[in-house]
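**Q** coordinates only, sequence not included:
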Ligand SMILES: Nc1cc(-c2ccc3ccn(Cc4ccccn4)c3c2)[nH]n1
């Protein structure tokens, strides 16, 4: 497979959507080798305990290190090659962007550690870092109850970049946030009918003039990006042309 992905979670059913559609097909065609594991497999007490009270006090519970240590030891036994990257969703992680998705899509093996409660005992990541690359990732500046939704987001963004997953690879470069699009947002898209509820499709798109269409689309992308995400608008560097290269 192009990518092996192991997901460890106390809510394996939450990852069921990964069996559907794009990612499901990638798994069936063997592009992606996906395995979801229940962390409680690596508990040994009657109540299959995965959490405990936080040292230093404070509200909530913390995930115990022992089950995680055993789970990661089982999934990545010492001597495993290639060494996987451990992806740990957390509100306190580096920002997940398209560039990070591209980076992760180049990895042969990803292991996702889905935390719950107030997070995972910090020693788990510290110990794993002695054997593999640990990547603490935030999918955005909002607080979730656990890492599972973040794994769905990260895996969707990563798997669609794998060769053979998306029918038309060209669609991967023409979209918002793609480097090839200068990181601009996508402008408006239209299809038939040419008039719908009195709304017309912009005539240039029906003109067949591909130069004009290309210019119009770039203008629309710039306009929308300036309105919605001014932080993404490329700043012209002094003494260089529009493409910033000359
Ligand atoms: N971008 C993100 C990622 C998360 C995330 C990821 C994993 C966990 C495991 C537990 N929690 C709850 C929690 C809430 C408050 C402070 C710490 N943790 C998570 C939240 N929220 N937002």
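**A** Alright, I've got the coordinates. What you see is a predicted model; the values in this text were computed from it and never measured. Numbering: from 1, shown residues only.
**Q** per the record, what domains does the protein have?
**A** According to automatic domain parsing, the chain comprises the domains 3-159, 176-232.
**Q** JSON lines for those domains, including mean neighbour count and distance to the ligand?
**A** (Each C-beta comes from the backbone N, C-alpha and C, glycine too.) Listed next are the domains of the chain as JSON lines, based on neighbours: other CB atoms under 10 Å; distance: least, CB to the nearest ligand atom, whole Å:
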{"stretch": "domain 3-159", "mean neighbour count": "17", "distance to the ligand": "3"}
{"stretch": "domain 176-232", "mean neighbour count": "13", "distance to the ligand": "17"}
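**Q** which stretch of helix or strand covers the spatially most central residue of the chain?
**A** Centroid-nearest residue in the chain: residue 154, 1.9 Å away (criterion: CA atoms, centre = their mean). Element membership of residue 154 [criterion: DSSP states H and E] is helix 148-159.
**Q** Residues touching that helix, excluding its own?
**A** Outside helix 148-159, the residues that touch it by CB atoms under 8 Å, 6 or more residues apart in numbering are 3, 5, 7, 9, 11, 14-15, 17-18, 22-23, 26, 31-32, 34, 87, 89, 96, 98, 101, 104-105, 110, 112, 114, 137-139, 144, 165.
**Q** In strands, which of those residues fall?
**A** 3, 5, 7, 9, 32, 34, 87, 89, 110, 112, 137, 138 (DSSP state E).
**Q** Closest to residue 208 out of these?
**A** Minimum separation from residue 208 among the ones in strands among the contacts of helix 148-159 (CB to CB) is found for residue 32, which lies at 39.8 Å.
**Q** May I ask you to confirm that that closest one is in contact with residue 23?
**A** Yes - using CB atoms under 8 Å, residue 32 is in contact with residue 23, at 6.7 Å.
**Q** Chain neighbours aside, what residue packs nearest to residue 118?
**A** Spatial nearest neighbour of residue 118, chain neighbours left out: residue 60 (4.0 Å); criterion: CB to CB, 6 or more residues apart in numbering.
**Q** cool, residue 144 as well?
**A** Nearest to residue 144 is residue 150, by CB to CB, 6+ apart, at 6.5 Å.
**Q** Double-check that residue 215 belongs to a helix.
**A** Yes - counting by DSSP: H, G, I helix; E, B strand; the rest coil, residue 215 is part of a helix.
**Q** Show me which helix or strand of this structure is least confident by mean pLDDT.
**A** In the chain, the helix or strand scored least confidently by mean pLDDT, DSSP states H and E is helix 170-173, which has a mean of 74.
**Q** Just the residues contacting that helix, thanks.
**A** If you take CB under 8 Å, 6+ apart as the criterion, helix 170-173 is touched by 160, 161, 166, 178, 180, 181.
**Q** What is the subsequent helix or strand relative to it?
**A** Toward the C-terminus from helix 170-173 - assigned by DSSP H and E - lies strand 195-196.
**Q** All good on my end, thank you.
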